[in-house]
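>>> Sequence plus predicted model, see below.
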Amino acid sequence: MKNFELFLNNSGISIFYVRIGLGFLFSFFITFFSIPTITKISRRKNLMDEPGVRSSHMRKIPNLGGIAIFYSIGICTSVFAYELFDLYKFLFASLIVLLYVGVMDDIVVMRAYKKLVAQIVVSVFIVIGSDIRIRNLFGICGIYEVNYLVSVIFTIITFIILINAFNLIDGIDGLAGGYSLICSALFGISYYRLGPYNFPLVIFSVIIIGSVLAFLYYNLSKFRAAKIFMGDTGSMLLGFLLAFTCICFIDIFIDRQLPYVPRYHLQSAPVIAVAILILPIVDTLNVIIVRLWNKKSPFLADKNHIHHKLLKLDLTHRRSSFYIITYYLFIVAVAYGLRHTDVNLLLIIVLSLGFLGAYLPDFIYMLRNNKLKSNN
């Protein structure tokens, strides 16, 4: 690979753009050609997602699409963004653990505590082993630099919350995949603008985009034989990777004296990161609040998620996913436009808009019912 890069440099061709292009193409086609085989095996062995109380589907669908996503990201990152596995020694090991746990859960349904233990393990790997931490809160609630032990515990909890939060939004076609694609694009553009030192993360983001885009081709397919879900394998994997890229993004803006690394500082960096991942954060907080208000266990499954509310309005899966992603992209735009505002005020604005989006479907449903009653 290094000899190939030397040849391109001597030819005046930027290796960075070649790696981006090849990374995208290979990640897309590896996923694209892997899924039909996985679908065929899933149907033959009856490894399918059975419709349940919370399910928004009426028939059995293969749910091992996450294997193809892992396969694509694992291969392409090793080839085109190999620096990441040098910089973050435990990254690949964490992905392997999540793959094993996800596949087991998709096939035999693991107990919740076993999944939690695995999530703690991978979080410890990446936080302590690779030193990926939230080191500074940039003045949120008056907190700046965070003590090492507190930083480790807080970051591990953040990883666990985001992994599970992303798993919770994977309830309708296109939502989890589409949202992860948008988040990866936003982080990738940000890394690109922040300079060459972050180019491996740019390539990594593009690889995720290519893989998820190929998955969405089948996930949104109208043909029953082609349709597939990403399952817990895919949702946990993407939740973990988006948490990883999010924390790396925040870390860039910390004023640290590191050799050969340009210094950047954006006071609102943590809030921008929250805005990018606002959907899983707000959706999870919302369902927990509703369950506690109704004196139910916060771990009890129900249909209070944002996507369930839109389905109650008789919207299709595609329209629901489109409206949700569009609204939360609007929040990202607001956060970016107000990025020089006081960090605490900006956080309040972002969370308020996030919760407004969570309760807006309820308001529309109530207005529609009142209108129907008045007409009758």
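Noted; the coordinates are in hand.

>>> Please count neighbours and contacts with C-alpha atoms only from this point.
Will do.

>>> any idea of the mean pLDDT for the top helix by length along the chain?
Assignment by DSSP state H gives helix 343-375 as the longest helix of the chain. Mean pLDDT, helix 343-375: 89.

>>> I'd like the distance from it to the chain centre, please.
Computed by Cα atoms, centre = their mean, to the nearest Å, the chain-centroid distance of helix 343-375 equals 24 Å.

>>> Would you mind confirming that residue 229 is in contact with residue 68?
No: using Cα atoms under 8 Å, residue 229 is not in contact with residue 68, being 10.9 Å away.

>>> ok so, going back, so what does the longest helix of the chain touch, helix or strand wise?
strand 136-140, helix 269-276, helix 278-293, helix 306-312, helix 317-337 (3 or more Cα pairs under 8 Å, 6 or more residues apart in numbering; DSSP states H and E).

>>> Specify the angle between it and helix 269-276 in degrees.
With axes from the mean of the first three to the mean of the last three Cα atoms, to 10 degrees defining the directions, helix 343-375 sits at 20 degrees from helix 269-276.

>>> Any stretches of the stretch 1-150 of the chain with poor pLDDT?
Counting by pLDDT under 70, the stretch 1-150 of the chain contains low-confidence ranges at 1-13, 51-58.

>>> ok, now the stretch 151-300 of the chain?
Within the stretch 151-300 of the chain, the ranges that satisfy pLDDT under 70 run 224, 254-265.

>>> just the helices in it please.
175-193, 199-219, 231-252, 269-276, 278-293 (DSSP state H, counting those that start in this stretch).

>>> sorry, back to before: so for the longest helix of the chain, what gets flagged as buried?
Neighbour-count burial for helix 343-375, counted by 16 or more other Cα atoms under 10 Å, picks out 343-344, 346-347, 349-351, 353-355, 357-358, 361-362.

>>> got it, and stretch 74-90?
Residues 74, 75, 76, 77, 80, 81, 84, 88, 90 are the ones in stretch 74-90 that count as buried (16+ other Cα under 10 Å).

>>> Check whether the first one sits in a helix, strand or coil.
If I follow you right, that is residue 74. helix (DSSP: H, G, I helix; E, B strand; the rest coil).

>>> Let me know how buried the nearest residue to it once chain neighbours are set aside is, in neighbour terms.
In space, and not counting its chain neighbours, residue 74 is closest to residue 92: 7.6 Å by Cα to Cα, 6 or more residues apart in numbering. Residue 92 has 18 neighbouring residues, counting by other Cα atoms under 10 Å.

>>> angle of the helix or strand residue 92 falls within against helix 231-252?
Using DSSP states H and E, residue 92 sits within helix 91-108. On the basis of the same axes, to 10 degrees, helix 91-108 is oriented at 150 degrees to helix 231-252.

>>> neighbouring contacts of the very next helix or strand once past helix 91-108?
Per DSSP H and E, the first helix or strand lying C-terminal to helix 91-108 is helix 112-124. With contacts defined as Cα atoms under 8 Å, 6 or more residues apart in numbering, helix 112-124 is touched by 93, 94, 95, 97, 98, 101, 156, 159, 160, 163.

>>> List the buried residues in helix 112-124.
In terms of neighbour count (16+ other Cα under 10 Å), helix 112-124 has its buried residues at 115, 118, 119, 121, 122, 123, 124.
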